[in-house]
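>>> Here's a sequence, model it:
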Amino acid sequence: MKKRYLVCMVLLVLSFMLGSSVQAQMVGKAMDALNISEMPDGKIQTRWYTAENRNAEKGQGGKANFGRKGSPCIPLEAGETTVIADIEGSGTIHRIWFVLFKRDAKALRGLRLQMFWDGEEKPAVDVPLGDFFCQSHGVMSTFENIFFSSPEGRSFNCFVPMPFRKNAKIQIINESDVQNWIYYEINTTLNEVHSKNKLYFHSCWRRENPTTMREDFSILPKVEGRGRFLGCHLGLIQSPSMNHCWWGEGEYKVYLDGDTELPTLCGTGTEDLIGTGYGQGKFDHLYQGNQYLSDEGEGTLRNSHGYYRFHVPDPMYFHHDIRVEIQVMGAGSYGDFLKAMDQDPDLKLMKTGEAGIYWTREELEKLNPNDAVTVERVDDHFATAYWYMDRPANKLPPLAPYAKRIEGLE
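Below you'll find the predicted structure:
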């Protein structure tokens, strides 16, 4: 299966690099590599959980209004918990599609998406709906990557396979103070027999506003088990006093299987993490991208970003435990730092390296204003982590309250 998958991905990538006729042939070969023309053994069934067939019953779709589109969506009352799929037996969720009537910050950060596997009371997925689908800062973007997409900035699509053995439940809690409406499809196959190595999907969300000087921001707090880290959707809002300085020098750190002080895997900066260099413009590629940028004009300050990285062709396995962090670190010229001190006289700029050593104004004034150096920073960071694990629940704390999630976005 792994070999087939790798062949498929190579063919798909090559297809995008070639002309239309050759591309069509390559896509066909990629589909063959995924065995889309082969009927599986057993009695696997396809079911869609939708507003037109809430329980995905056979032969019971589209009954409302004499079968003439009588129930395309459902209401989400303020404070209400709505179960949109409650699935018995084994199977896999292959696709999730949502459209919201209201798509502002209250909706994207106020709707809480939860997923439960195999009868667990604790959700394996507990996230703001918008951030889960790579929509940053409560604002819709148009993009496409390997797992998520929003073709015109109005919808939410997820293609992460989510297997389960006994049952699955997906619910949405409207923690905002306004009513909304949701159109949805949960596309599944049922009656599957999963191997012992089939893993459960998990996702969590964190925000630190502000972060703490010289403390790395936790993308995924330590979890224990066997599994695979799929990647993350990250973002930040820069501190106002430092929004004219580069913010993304922090190293991406992955602590694997007992790592304590130092990680096994370590990157060199946010732009390097997502495959670019010397800054981050707006782009959306298959495994990496910066799909949200607050300020896109020439020569303007770019003070908030939303970006993602998925470890698909470069798998990241763990056998006992994992935690993932990123440093809150930036860079700038000495002249930029002096401007920042003029803007905020109480600003303290800590040097990178040994802790607790700060730049003084007198020291900066003696240096070439065009020379640049790295510094520790304090900003507003958030992260959605995605991973697979050998157990249907994790021990992470629940999602942060709505007020913390939406702070500064309205």
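>>> Break this structure down into its domains, please.
Following the assignment in automatic domain parsing, the chain carries domains at 1-38, 41-194, 204-383.
>>> can you tell which of those domains is closest to Pro398?
Nearest to Pro398, of all the domains of the chain, is domain 41-194, at 6.1 Å by Cβ to Cβ. C-betas here are computed from N, CA, C, even on glycine.
>>> Would you map the helices across the stretch 51-200 of the chain?
Assigned by DSSP state H, counting those that start in this stretch, the helices in the stretch 51-200 of the chain fall at 64-67, 105-110, 129-132.
>>> Return the residues in contact with Phe159.
The neighbourhood of Phe159, defined by Cβ atoms under 8 Å, 6 or more residues apart in numbering, consists of 94-95, 146-149.
>>> 7 Å instead, please
By Cβ atoms under 7 Å, 6 or more residues apart in numbering, Phe159 lies in contact with 95, 147.
>>> do the same with the one 3 residues further on
Residues near Met162 by Cβ under 7 Å, 6+ apart: 92-93, 201.
>>> follow-up on the earlier one: turn the helices of the stretch 51-200 of the chain into TSV, including mean neighbour count.
Below are the helices of the stretch 51-200 of the chain laid out as TSV (neighbours: other Cβ atoms under 10 Å):
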stretch	mean neighbour count
helix 64-67	10
helix 105-110	24
helix 129-132	26
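>>> Assign Asp342 to helix, strand or coil.
helix (DSSP: H, G, I helix; E, B strand; the rest coil).
>>> That one: neighbour count?
11 (other Cβ atoms under 10 Å).
>>> what does the model give it for pLDDT?
pLDDT, the model's per-residue confidence, is 92 for Asp342.
>>> again with His244
For His244, pLDDT reads 86.
>>> what separates it from Asp216, distance-wise?
Taking Cβ to Cβ, to the nearest Å as the measure, His244 falls 24 Å from Asp216.
>>> Between these two, which is the more surrounded one?
Using other Cβ under 10 Å, the more surrounded residue of His244 and Asp216 is Asp216, with 18 against 15.
>>> Lowest average confidence across the helices of the stretch 51-200 of the chain, which one?
Across these, helix 64-67 gives the lowest mean pLDDT, at a mean of 92.
>>> what packs against that one?
Contacts defined by 3 or more Cβ pairs under 7 Å, 6 or more residues apart in numbering; DSSP states H and E place helix 64-67 against no helix or strand at all.
>>> and it, how far out from the chain's middle?
Helix 64-67 sits 38 Å away from the centroid of its parent chain (Cα atoms, centre = their mean, to the nearest Å).
>>> residues making contact with that helix?
52, 70-71.
>>> cool, and stretch 186-198?
Contacts with stretch 186-198, where a contact means Cβ under 7 Å, 6+ apart, come from 42-49, 84-85, 87, 89-96, 163, 165, 170.
>>> What are the buried residues along it?
Residues of stretch 186-198 classed as buried by neighbour count (16 or more other Cβ atoms under 10 Å): 186-190, 192, 198.
>>> show me what contacts the residue located most distally from the centre of the chain?
Relative to the centre of the chain, the most outlying C-alpha is that of Lys366, 43.8 Å out, by Cα atoms, centre = their mean. Contacts for Lys366 (Cβ under 7 Å, 6+ apart) come out as none.
>>> same check, this time on Met115
With contact set as Cβ under 7 Å, 6+ apart, Met115 has these partners: 123-125, 170.
>>> And those, which two are furthest apart?
Within those, Ala124 and Ile170 form the most distant pair, 10.8 Å apart (Cβ to Cβ).
>>> for this structure, what are the low-confidence residue spans?
1-34, 295-302 (pLDDT under 70).
>>> Geometric centre of it: which residue is closest?
The residue lying closest to the centre of the chain (Cα atoms, centre = their mean) is His233, at 3.2 Å.
>>> Wait, it touches Phe133, no?
No: applying Cβ atoms under 7 Å as the test, His233 and Phe133 come out as separate, 8.5 Å apart.
>>> For the stretch 151-300 of the chain, just list every one of the strands.
Counting by DSSP state E, counting those that start in this stretch, the stretch 151-300 of the chain has strands at residues 155-158, 162-164, 167-174, 180-190, 200-208, 217-224, 227-237, 252-256, 265-266, 283-284, 288-293.
>>> what does the stretch 1-150 of the chain give?
Listed in chain order, the strands of the stretch 1-150 of the chain (DSSP E, counting those that start in this stretch) span 45-50, 74-76, 81-88, 91-100, 111-117, 125-128, 143-144, 148-150.
>>> Tell me which of those strands sits nearest to Glu208.
Closest of those to Glu208 is strand 125-128, at 15.0 Å (criterion: Cβ to Cβ).
>>> Output the contacting helices and strands for the closest one.
strand 111-117, strand 200-208.
>>> Within the sheet, what are the partner strands of it, with directions?
According to DSSP bridges, strand 125-128 forms sheet pairs with strand 111-117 (antiparallel), strand 200-208 (parallel).
>>> Is it possible to get CSV of the ones you listed that adds distance to Thr270?
Converted to CSV, the strands paired with strand 125-128 look like this (distance: least, Cβ to Cβ, whole Å):
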stretch, distance to Thr270
strand 111-117, 26
strand 200-208, 16
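>>> quick one: which of those strands is nearest Phe156?
strand 111-117 (9.6 Å).
>>> Give me the distance between Trp97 and Glu88.
Where Glu88 is concerned, Trp97 sits at a distance of 22 Å (Cβ to Cβ).
>>> out of the two, which sits in the more crowded spot?
Trp97 (17 against 11).
>>> Name whatever forms a beta bridge with the residue lying closest to Phe283 once chain neighbours are set aside.
Of all residues not flanking Phe283 in the chain, Gly289 sits nearest, at 5.4 Å (Cβ to Cβ, 6 or more residues apart in numbering). Counting by DSSP bridges, Gly289 is bridged to Asp284, Tyr308.
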